[in-house]
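A.B. asks: Give me coordinates for this.
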Amino acid sequence: MRVATVCPINKTTIEPDRKRHEWRSIIQEFALNTSTHGIPGIARSQNIGMIGMVHDNTQFPMIEFAGRALVTGFKHRMTYAKKTIFYLRAPYTTCNDEIPPTMQAMFDSYPDVEYVYSEDLCYDLCTEVYTYYTCGCIDPKQWNARSILLPQTDTIIVAPLCNISDTCHTQAAIVLMNSSTLLEKYCSYCSQQCSITDFIVKSSMWKAPADWLMNDIKTFVKNSGILLPKDWSTNWHSHIHSNYLSIELVHESILVENYTQIPAMGPVTVLSDVGGQTGLWIAFESVLSDVVRSQPARSESDRGGALELELAFINTNANALGISIKINPNGLALLALVLINS
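C.D. replies: Reported below is the predicted structural model:
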């Protein structure tokens, strides 16, 4: 698969203009060459299309598990709403947002980002540590988890990827998850998150591109300098339809739904006979209650910063490429890609 850059995403373009509050959207078009920059292992399949997910800037995108499949030849509309759950910290719960060293080693591979602790990711990483000890390699789909911190040491190594046809890594994961003893040994540092952010996405799509855009796309592709299929001159119309993909990302509401866990104190009177004498014992019962607060996000800090749309290409002849586009939380983003197979 060969594609070309239509318009690059840059920091100046994606940052919201605080002086011009009337600016509420970002419209960008771009594409990437997946044949030369493909990442091995992720989202490789017998399909052609993309995988996308919406997440916060600080939320590590586990796109291979949480992504949505997007097919070419259509414009995809993704409307999202944000929901966050906040849990109480000790002594009420065991939640802990401290990033373990093995997770920090993984985050260090991503420049200019500040990801927070993820319970799901933590269990993925400790699974790969056990897999390495069992198989001498790790799951090839977890190519970004190759930095392994050896247990009870400060040594970090880069683990090799297992062969995709080798079932050792699959069996190792099953054994670990079914053994409380092994989980305690390899995953004891994986605590509950103190907050969980989720985006409820409603998706729809319609055919694209429109006929009146076809000639413009044809001209762009011809002038881009990319290698075209041999039958481009006669079948360019078909190639564009089978390789064009557009994404429209829309914020559904200014309301952000917050579920906050708070402690509530209620007196409980207990009468007890101690040593033959009747005494009045007063105890307090600590009750954890969930309070739902649905409120508008009044500022960038209320919204948790900008959002990101995480994408990955899928093609039978090329590995997938993960890309990340920051989205202004107040507006709408349109992403259009022309992917030319050669």
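
A.B. asks: got any ranges where the chain has weak pLDDT?
C.D. replies: Along the chain, the model assigns pLDDT under 70 to residues 1-47, 264-342.

A.B. asks: One more pass at 80, please.
C.D. replies: 1-48, 64, 150-154, 264-342 (pLDDT under 80).

A.B. asks: would you list every one of the helices in it?
C.D. replies: 11-14, 34-37, 63-66, 101-107, 119-135, 168-177, 180-186, 214-223, 232-243, 300-303 (DSSP state H).

A.B. asks: To residue 150, which of those lies closest?
C.D. replies: Among those, the nearest to residue 150 by Cβ to Cβ is helix 119-135 (7.8 Å). Every C-beta, even on glycine, is put in place using the N, C-alpha and C of the backbone.

A.B. asks: buried stuff in that closest one?
C.D. replies: Neighbour-count burial for helix 119-135 flags 119, 121-132, 134-135 (criterion: 16 or more other Cβ atoms under 10 Å).

A.B. asks: What of stretch 90-102?
C.D. replies: Neighbour-count burial for stretch 90-102 flags 95, 96, 99, 100, 102 (criterion: 16+ other Cβ under 10 Å).

A.B. asks: which one of those sits closest to residue 175?
C.D. replies: Lowest distance from residue 175 to those (Cβ to Cβ) belongs to residue 102, with 19.5 Å.

A.B. asks: what residues are up against that closest one?
C.D. replies: Each residue near residue 102 by Cβ atoms under 8 Å, 6 or more residues apart in numbering is listed here: 125, 126, 129, 147, 148, 149, 156.

A.B. asks: Turn the helices of the chain into a markdown table, including distance to residue 252.
C.D. replies: Converted to a markdown table, those look like this (distance: least, Cβ to Cβ, whole Å):
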| stretch | distance to residue 252 |
| --- | --- |
| helix 11-14 | 20 |
| helix 34-37 | 31 |
| helix 63-66 | 19 |
| helix 101-107 | 30 |
| helix 119-135 | 25 |
| helix 168-177 | 36 |
| helix 180-186 | 39 |
| helix 214-223 | 30 |
| helix 232-243 | 30 |
| helix 300-303 | 13 |
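
A.B. asks: Grab the nearest non-local neighbour of residue 235.
C.D. replies: Spatial nearest neighbour of residue 235, excluding adjacent residues (Cβ to Cβ, 6 or more residues apart in numbering): residue 229 at 7.4 Å.

A.B. asks: May I have the phi/psi pair for that neighbour?
C.D. replies: Main-chain dihedrals, residue 229, degrees, to the nearest 10: phi -60, psi 150.

A.B. asks: wait, doesn't it sit right on residue 239?
C.D. replies: Yes. Look at residue 229 against residue 239 with Cβ atoms under 8 Å: they come within range, at 6.1 Å.

A.B. asks: Starting from residue 88, give me the distance back to the nearest residue to residue 218 once chain neighbours are set aside.
C.D. replies: Once flanking residues are discounted, residue 218 sits nearest to residue 236: 5.5 Å by Cβ to Cβ, 6+ apart. Residue 236 sits 60 Å away from residue 88, taking Cβ to Cβ, to the nearest Å as the criterion.

A.B. asks: What segments of this structure are strands?
C.D. replies: Here the chain has its strands, by DSSP state E, at 2-3, 25-29, 49-56, 68-71, 74-86, 147-149, 156-158, 195-207, 244-251, 255-274, 277-296, 307-314, 322-327, 332-340.

A.B. asks: Pull up the pairing partners for the third one, direction included.
C.D. replies: Meaning strand 49-56. strand 68-71 (antiparallel), strand 307-314 (antiparallel) (DSSP bridges).

A.B. asks: With the fifth one instead?
C.D. replies: Its sheet considered, strand 74-86 pairs with strand 195-207 (antiparallel), strand 244-251 (parallel), strand 255-274 (parallel) by DSSP bridges.
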